[in-house]
Structures are given as structure tokens and as C-alpha cells.
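Novice: dropping the sequence and predicted coords here.
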Amino acid sequence: MKIETIDETIEVGAVFKGDKILPRWFLWEKRKYSIIEINYTWNDRLGQEKIHCFSVTDGKNTYEISFNTERTIWKLNKICENP
């Protein structure tokens, strides 16, 4: 298993359902990744900024993405390449 830190801004298609955020796909380096499952979610902070974090999979690899509610920015934080 290879884990790579990316830390780049991405575009995300998400559903906001009540107080939940459900990412469905993201674009990174001109490629669309379909999210088939959200493995885990947690919240973090960057100073006063609230960050919603997600571990998601496209069925092949696992990705850590995050949404900064103050700046309304999505980021791809890490990729875990599964063998």
C-alpha cells in the first residue's frame, strides 16, 4: 500500500442533505473520480476554520478529501493506492 500526500484544490460534486455533506465525485488533474463509498468522516479545525474530512473510495483506491466551510474550498489531501 502506497500513501501519497497531495494537498491540492479539487472540484467536487456533493449532495448537502440536512446537516450532512455527501461527496459523489471529484475532479483532479482533468480526471473525474466517482465516489462509490464514503468510508469515514470526521471534523477538524484550521484556526477558526471548520474542516469536514472524508475518507472515500472509487472502488480501486482510497482518497482523503476535505471541505473548508469558511473558504468553501475542497482539497484532495491524500491518496492511498491499494495493491
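Specialist: Nice, I can see it. Bear in mind the structure is a predicted one, so any value in this text is a computation, not a measurement.

Novice: from here on, contacts and neighbour counts on C-alpha atoms
Specialist: Fine.

Novice: and residue 9, what is it in contact with?
Specialist: 73, 74, 75, 76 (Cα atoms under 8 Å, 6 or more residues apart in numbering).

Novice: mark which of the residues you listed are buried, thanks.
Specialist: 74, 75, 76 (16 or more other Cα atoms under 10 Å).

Novice: give me every residue that touches the last one.
Specialist: Think residue 76. Per Cα under 8 Å, 6+ apart, neighbours of residue 76: 6, 7, 8, 9, 10, 63, 64, 65, 66.

Novice: over to the first one?
Specialist: When contacts are counted by Cα under 8 Å, 6+ apart, residue 74 touches 9, 10, 11, 12, 65, 66, 67, 68.

Novice: and what of residue 77?
Specialist: Per Cα under 8 Å, 6+ apart, neighbours of residue 77: 5, 6, 7, 8, 63, 64, 65, 66.

Novice: export the residues you listed to a markdown table and tack on distance to residue 16?
Specialist: What follows is the contacts of residue 77, written out as a markdown table (distance: Cα to Cα, whole Å):
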| residue | distance to residue 16 |
| --- | --- |
| 5 | 27 |
| 6 | 25 |
| 7 | 23 |
| 8 | 22 |
| 63 | 20 |
| 64 | 19 |
| 65 | 16 |
| 66 | 14 |
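
Novice: just those: which are in strands?
Specialist: 5, 6, 7, 8, 63, 64, 65, 66 (DSSP state E).

Novice: if the most centrally placed residue in the chain is in a bridge, with which residues?
Specialist: Ranked by distance to the mean C-alpha position of the chain (Cα atoms, centre = their mean), the top residue is residue 65 at 1.9 Å. Beta-bridge partners recorded for residue 65 (DSSP bridges): residue 54, residue 76.
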